[in-house]
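3D model of this:
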Amino acid sequence: YSPDNLGLERLSFLFAAIPNVRRVFFHSLDGEKPDGYHDPHPDRRCAELEWAALPHIQELYFDPCVRPNDPAPLDGIRNMLQLCTSLKKFTFRLKYPDQYEPALFSPAELLEAVLPAKETLQHLEVYCSFAKIPSFPKETLFGYRLKGLFALETLVLDEELFCHHWLPDPCDDSCIVDILPDSLTFLTIRMHDKFRTVSDLARLGQSVAKGALPQLSRLRVEVLHDILARSDYTTANRNEDAFDAEYYLYDVPWEQWRSTIRGLTQHVAVRVREAFQGTKVAVEVEYVYEYFVTQ
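Now for the predicted structure:
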């Protein structure tokens, strides 16, 4: 375990043989800090930072990152990206965030870790599986620093990573209109069963109609069926007090969830398409069923 080390020292004997890698996947990047852990070599340079391929890598995938009891290794990601001077695509999925205390993951800190690639990054995807962190503190959300990715063309985000309206005391400011880089051409927002971001997308459509985001040509909204049956709830989530009955559609029988969410998807589609009417933006609103294994 080390918060600034991605574990590639185990593969460092291969580095000299693979200097031309362009795409790297970190799958199930887990790790748990042992009791009493201390780094025996705090000043050492991580093995992955010696890899000659880093300046040539174009795509990095952390899909998923699994840290059930400890923070995601954002220092390690930042250190690597500082040397990935040709990076075009970055994907990060936090697996089972419901098992985290809110302080263990900050979307804003992840964005800070990505900013070293701001001059080349064209495609960014960040996922927060299960949408079960409804109360990120406002200061930890994606914010104005997102505009610093001035080469970004494609962006995919789960709504709770930036939306103030997931907070217990939401502010009235729009969450997304003012934080998107002007270079964006394709935006995907993934919504969950409270649809907190619908009003923000409506404001975004109004802003686009007035000339904002002149490069934006496509908006995709995914309404996710990614919630668990109530019988699975206690085994999948340790922070039961953080969630209310509305989130889990407790008043809707399990067998009606799919039809209920499909109906809500249609409602969302009408509102979002109306907001973008008269713009050049092609709008897609889709119901998406995602299956997760909880054990």
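
return the longest helix anywhere in the chain as PDB; C-alpha atoms alone will do.
Selection of the longest helix in the chain by residue count, based on DSSP state H, yields helix 257-275. Presented in PDB, the C-alpha positions along helix 257-275 are these (Å, rounded to 0.1, in the frame of the first residue of the first chain):
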ATOM      1  CA  TRP A 257     -39.100  -0.200 -11.100                       C
ATOM      2  CA  ARG A 258     -38.100  -0.700 -14.700                       C
ATOM      3  CA  SER A 259     -41.400   0.700 -16.100                       C
ATOM      4  CA  THR A 260     -41.300   3.500 -13.500                       C
ATOM      5  CA  ILE A 261     -37.800   4.600 -14.500                       C
ATOM      6  CA  ARG A 262     -38.600   4.300 -18.200                       C
ATOM      7  CA  GLY A 263     -41.600   6.700 -17.600                       C
ATOM      8  CA  LEU A 264     -39.400   9.100 -15.700                       C
ATOM      9  CA  THR A 265     -36.900   8.900 -18.600                       C
ATOM     10  CA  GLN A 266     -39.600  10.100 -21.000                       C
ATOM     11  CA  HIS A 267     -40.400  13.000 -18.700                       C
ATOM     12  CA  VAL A 268     -36.700  14.000 -18.600                       C
ATOM     13  CA  ALA A 269     -36.400  13.700 -22.400                       C
ATOM     14  CA  VAL A 270     -39.300  16.100 -22.900                       C
ATOM     15  CA  ARG A 271     -37.800  18.800 -20.600                       C
ATOM     16  CA  VAL A 272     -34.200  18.500 -21.900                       C
ATOM     17  CA  ARG A 273     -35.200  18.500 -25.600                       C
ATOM     18  CA  GLU A 274     -37.400  21.500 -25.100                       C
ATOM     19  CA  ALA A 275     -34.500  23.400 -23.500                       C
END
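
and the next helix or strand along the chain from it, which strands flank it?
Going down the chain from helix 257-275, the next helix or strand is strand 282-289, by DSSP states H and E. The strands beside strand 282-289 in its sheet (DSSP bridges) come out as strand 218-225 (parallel).

rewinding a little: which strands and helices lie in contact with the longest helix of the chain?
With contacts defined as 3 or more C-beta pairs under 8 Å, 6 or more residues apart in numbering; DSSP states H and E, the packing partners of helix 257-275 are helix 198-209, strand 218-225, strand 282-289. C-beta coordinates here come from the backbone N, C-alpha and C atoms, glycine included.

adding distance to residue 73, write those out as CSV.
Converted to CSV, those look like this (distance: least, C-beta to C-beta, whole Å):
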stretch, distance to residue 73
helix 198-209, 31
strand 218-225, 26
strand 282-289, 29
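
want to throw those into a markdown table with distance to residue 78, mean pLDDT and mean neighbour count?
A markdown table is the format used below for these (distance: least, C-beta to C-beta, whole Å; pLDDT from 0 to 100; neighbours: other C-beta atoms under 10 Å):
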| stretch | distance to residue 78 | mean pLDDT | mean neighbour count |
| --- | --- | --- | --- |
| helix 198-209 | 28 | 92 | 20 |
| strand 218-225 | 29 | 92 | 20 |
| strand 282-289 | 31 | 94 | 14 |
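
low-confidence ranges in this structure?
1-3, 31-45, 68-69, 96-103, 129-136, 166-174, 193-195, 226-251, 291-295 (pLDDT under 70).
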